[in-house]
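> below: sequence and its predicted model.
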Amino acid sequence: MIDVIVIGGGPAGLAGAITCASFGLKVTVIDEFIKPGGRLLGQLHQEPSGEWWNGIKESERLHQEAKKLSVDIRCGVSVYNLEKENHLWNVHTSLGTLEAPFVLIATGAAEYSIPLPGWTLPGVMSIGAAQVMTNVHRVQVGKKGILIGANILAFAILNELQLAGITVDRIILPEKSVLSQKAGEPEEVMKSLLNAAHLAPSPLLRIGSRFMRNDWMRKVALNFYPKNGMKVNGTPLQLRKAALEIIGTDQVEGVRVADIDVNGNIIAGSETIYEADFVCIAGGLYPLAELAAVAGCPFQYIPELGGHVPHHSETMETPLDGLFVAGNITGIESGKIAMAQGTTAGLSIAKHAGKESNTIDQKLQQAVQHVRTVRRQAAIQFNPEINNGRSKMNELWERLYSNDSTGKTPKQIV
């Protein structure tokens with residue numbers, strides 16, 4: 001008999017599995033990738049403290065810890081349905097149906113795509129795919145590339161590509177459209193990047209960013225923004241240029257680009273072509289929450305968390321008995337925060353399973369506080385208003401679900 005099924009073997013899922021198993025619960029982890037680790041497998045960067053964050057080593061540490069606790073990890077397995085029957089969750093997978101009283105969904109995030117002409121050519125990929133090919137599979141994505149889209153995720157992976165000796169020739173914006181939305185508007189992009197200005201390699205950029213928080217100063221700065229861009233670790237960031245089309249016959253050969261004004265509108269007669277043999281598109285991340293929806297969990301759209309997220313408490317419960325969530329399915333944040341949330345979810349599951357009733361409440365509150373501390377100390381926030389987003393979800397939970405023995409009012413249980 002399985003006590004807990006964890007869907008997703010990334011940082012949140014593994015941390016949750018380890019915590020559950022440490023209380024004597026029998027845990028099975030399901031992940032569709034060939035090995036556990038999730039997004040950790042592609043991460044490699046230097047933190048502001050000077051220490052290196054090596055996601056592969058961190059995933060190996062979690063994997064070994066889980067194995068010592070006899071966690072059953074099944075990789076290469078997909079989950080396509082989730083339903084409750086007779087107090088047990090039925091998890092339908094590509095290898096058959098598993099059942100358990102508790103399920104932790106830790107499916108992480110997916111990337112937004114920004115369609116543009118030529119994006120189906122071989123050599124065009126998402127920035128996350130480039131990260132996986134480089135850091136996980138050790139495959140060189142190309143020799144000279146162009147990055148379309150300027151956001152915090154893109155800059156983090158740009159550095160990883162550079163460490164691997166891959167040249168990213170320039171960073172430009174997508175053409176402004178209904179599909180690209182704010183990603184094609186120079187002022188909105190600049191505003192979002194100011195939240196990571198403290199990590200800029202240039203002292204001039206760090207100091208100058210303080211003045212850019214003023215709307216008028218931002219517009220002035222964009223009007224005088226250099227055509228050749230400002231360099232980010234040696235790669236020009238060109239906020240006044242937009243990609244119109246990726247060109248090539250059988251593979252990527254270049255990108256047709258035009259100058260844009262401060263509002264993102266194309267300047268007529270400014271088109272040019274930049275050569276490249278690969279293109280990365282960076283559209284940002286959103287919670288990968290389809291399984292929670294299939295299970296019948298209610299959702300709330302909270303832009304500060306990255307999109308639609310399942311209703312959940314700070315102890316990672318959902319309104320559905322026995323169903324818990326952790327990691328980027330609850331909002332886009334770092335791997336460290338995902339692990340802290342996974343530990344919290346594991347403690348919450350152990351509490352509901354009746355383990356260590358005398359001390360579990362104290363441990364659970366300490367875990368919730370640890371999540372807040374890790375969030376406060378995070379060097380980068382993918383969504384700068386993350387705290388507002390978390391507050392919205394906490395207030396929603398308090399408003400809709402009371403603190404009875406199940407943690408929610410009967411009318412809210414689906």
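It's in.

> show me what the helix or strand hosting A242 is packed against.
Using DSSP states H and E, A242 falls within strand 235-247. If you count contacts as 3 or more Cβ pairs under 8 Å, 6 or more residues apart in numbering; DSSP states H and E, strand 235-247 packs onto strand 144-148, strand 167-174, helix 186-193, strand 230-232, strand 254-259. In short, each C-beta sits where N, CA and C put it, glycine included.

> could you export these as CSV, including distance to H352 and mean neighbour count?
Output for these, formatted as CSV (distance: least, Cβ to Cβ, whole Å; neighbours: other Cβ atoms under 10 Å):
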stretch, distance to H352, mean neighbour count
strand 144-148, 45, 25
strand 167-174, 45, 22
helix 186-193, 39, 20
strand 230-232, 46, 17
strand 254-259, 53, 20
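
> the ones you listed: which one's closest to A21?
helix 186-193 (39.5 Å; Cβ to Cβ).

> give me the contacts around that closest one.
Residues outside helix 186-193 that contact it (Cβ atoms under 8 Å, 6 or more residues apart in numbering) are 150-152, 173, 182-183, 212, 218-219, 221-222, 225, 239-240, 260, 262-264, 384.

> about what we covered before: give me the buried positions along the strand holding A242.
The neighbour-count check on strand 235-247 (16 or more other Cβ atoms under 10 Å) flags 235-247 as buried.

> what's the burial count for E356?
By other Cβ atoms under 10 Å, 15 other residues sit near E356.

> whoops, R376 was the one
Counted with other Cβ under 10 Å, residues neighbouring R376 total 8.

> name the SS class of it, please.
Three-state assignment for R376 (DSSP: H, G, I helix; E, B strand; the rest coil): helix.

> one step back: for my notes, please list the helices and strands packed on strand 235-247 in CSV and give distance to T272 and mean pLDDT for each entry.
Putting these into CSV (distance: least, Cβ to Cβ, whole Å; pLDDT from 0 to 100) gives the following:
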stretch, distance to T272, mean pLDDT
strand 144-148, 12, 96
strand 167-174, 11, 96
helix 186-193, 18, 82
strand 230-232, 19, 83
strand 254-259, 6, 97
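
> residue ranges with poor pLDDT in the stretch 201-350 of the chain?
For the stretch 201-350 of the chain, the stretches flagged by pLDDT under 70 are 201-220, 224.

> which residues in it form strands?
Along the stretch 201-350 of the chain, the segments classed as strands by DSSP state E, counting those that start in this stretch run 230-232, 235-247, 254-259, 272-275, 278-281, 285-287, 299-302, 307-310, 323-325.

> give the buried residues for the helix or strand containing S391.
According to DSSP H and E, S391 maps onto helix 386-400. Buried residues in helix 386-400, counted by 16+ other Cβ under 10 Å: I386, G389, R390, K392, M393, L396, W397.

> again with stretch 17-37
Neighbour-count burial for stretch 17-37, with 16+ other Cβ under 10 Å as criterion, is recorded at 17-23, 25, 27-33, 36-37.

> do stretch 366-379 as well
For stretch 366-379, burial by neighbour count (16+ other Cβ under 10 Å) applies to A367, V368, H370, V371, V374, R375.

> check stretch 299-316 too.
Neighbour-count burial for stretch 299-316 flags 300, 302, 304-307, 309-316 (criterion: 16+ other Cβ under 10 Å).

> need those in a markdown table with distance to V294, can you?
Putting those into a markdown table (distance: Cβ to Cβ, whole Å) gives the following:
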| residue | distance to V294 |
| --- | --- |
| Q300 | 17 |
| I302 | 20 |
| E304 | 25 |
| L305 | 20 |
| G306 | 19 |
| G307 | 17 |
| V309 | 15 |
| P310 | 11 |
| H311 | 15 |
| H312 | 16 |
| S313 | 21 |
| E314 | 24 |
| T315 | 23 |
| M316 | 19 |
